[in-house]
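Colleague: dropping a prediction and its sequence here:
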Amino acid sequence: NAGVTQTPKFRILKIGQSMTLQCTQDMNHNYMYWYRQDPGMGLKLIYYSVGAGITDKGEVPNGYNVSRSTTEDFPLRLELAAPSQTSVYFCASSYSQGAGSNQPQHFGDGTRLSIL
Amino acid sequence: GNSVTQMEGPVTLSEEAFLTINCTYTATGYPSLFWYVQYPGEGLQLLLKATKADDKGSNKGFEATYRKETTSFHLEKGSVQVSDSAVYFCALNLGSQGNLIFGKGTKLSVKP
């Protein structure tokens, strides 16, 4: 059971560089999410997708872009890396949701990104 | 707005001690409530959940009861083990998009 797979696990970028964080899931989940986790701050939602071809902004979308061309993949792109984007990034997925849904989210192991 | 407040950590306990991690929430509707656990170097894993008032979620000896009157979802375990050392997150799910609103997390360290 692969679940949610994120690559790479670690990366160091220079300011101004760009990169794509990869996320893929094999559970046929419609919903996918990107979070960032800063020390002592919990997780903040960056972007989410309710299905292929549909994406929407979360709480902290600035400096990021996403696409969802397939059900399985939900890459996150940083165009101009800034030190403020140093964080641990988590991808998650779940089945379709309704209001107050009890469907849990399944998380990948995260990508630790440092911008120097 | 919607939010989750957890007790500040870190929490350090001896093995077999009783654990309580407090969680309260603010929500405009009727959320589902979750506890997630994060072991070092790993992603978050669902620990337990409750979907309506007075529901009790339980798993691996952990329990939490959805208290609407006090807007709380406190996590408890009667006897902790060293292997329970992790960061615990309380979260709520309110909207149709399913995005979770997390507390800041509580780090638990259990000493032998």
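Modeller: Cool, the structure landed.

Colleague: show me what counts as buried in the helix or strand bottoming out on mean pLDDT in chain B.
Modeller: Within chain B, judged by mean pLDDT, DSSP states H and E, the helix or strand with the poorest mean is strand B:100-102; its value is a mean of 88. The neighbour-count check on strand B:100-102 (16 or more other CB atoms under 10 Å in any protein chain shown) flags B:Leu100, B:Ile101, B:Phe102 as buried. Using the backbone N, CA and C atoms, a C-beta is placed for each residue, glycine as well.

Colleague: what parts of chain A come near chain B?
Modeller: A:4, A:31, A:33, A:40-43, A:45, A:48, A:50, A:56, A:58, A:90, A:92, A:94, A:96-110 (CB under 8 Å from any CB of the partner chain).

Colleague: what's the PyMOL syntax to select whichever of these are buried?
Modeller: The PyMOL selection below is limited to those of these classed as buried (16+ other CB under 10 Å):
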select buried, chain A and resi 4+31+33+42+43+45+48+50+58+90+92+94+97+100+101+102+103+104+105+106+107+108+109+110
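
Colleague: how near is the residue nearest to A:Tyr48 when sequence neighbours are not counted to B:Cys90?
Modeller: Using CB to CB, 6 or more residues apart in numbering or on different chains and skipping residues adjacent in sequence, the residue nearest A:Tyr48 is A:Tyr33, 4.6 Å away. With distances taken as CB to CB, to the nearest Å, A:Tyr33 is found 17 Å from B:Cys90.

Colleague: likewise for B:Glu8?
Modeller: 13 Å.

Colleague: these two - which one has more neighbours?
Modeller: B:Cys90 (31 against 12; other CB atoms under 10 Å in any protein chain shown).

Colleague: direction included, what does the least confident helix or strand of chain B pair up with?
Modeller: Next to strand B:100-102 in the sheet, as set by DSSP bridges, lie strand B:86-93 (antiparallel).

Colleague: do you know the pLDDT at the residue nearest to A:Tyr48?
Modeller: A:Tyr33 is assigned 94 on the pLDDT scale.

Colleague: so it is in which element?
Modeller: Here A:Tyr33 sits within strand A:31-37, counting by DSSP states H and E.

Colleague: C-alpha coordinates for the helix or strand that that strand is followed by, PDB please?
Modeller: Once the chain leaves strand A:31-37, the next helix or strand it forms, by DSSP H and E, is strand A:43-51. Presented in PDB, the C-alpha positions along strand A:43-51 are these (Å, rounded to 0.1, in the frame of the first residue of the first chain):
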ATOM      1  CA  LEU A  43      -0.400  23.000   9.400                       C
ATOM      2  CA  LYS A  44      -1.700  25.700   7.000                       C
ATOM      3  CA  LEU A  45      -3.500  24.900   3.800                       C
ATOM      4  CA  ILE A  46      -1.900  26.200   0.700                       C
ATOM      5  CA  TYR A  47      -4.000  24.800  -2.100                       C
ATOM      6  CA  TYR A  48      -6.600  22.000  -2.600                       C
ATOM      7  CA  SER A  49      -8.300  20.200  -5.400                       C
ATOM      8  CA  VAL A  50     -11.700  18.500  -5.500                       C
ATOM      9  CA  GLY A  51     -11.000  16.600  -8.700                       C
END
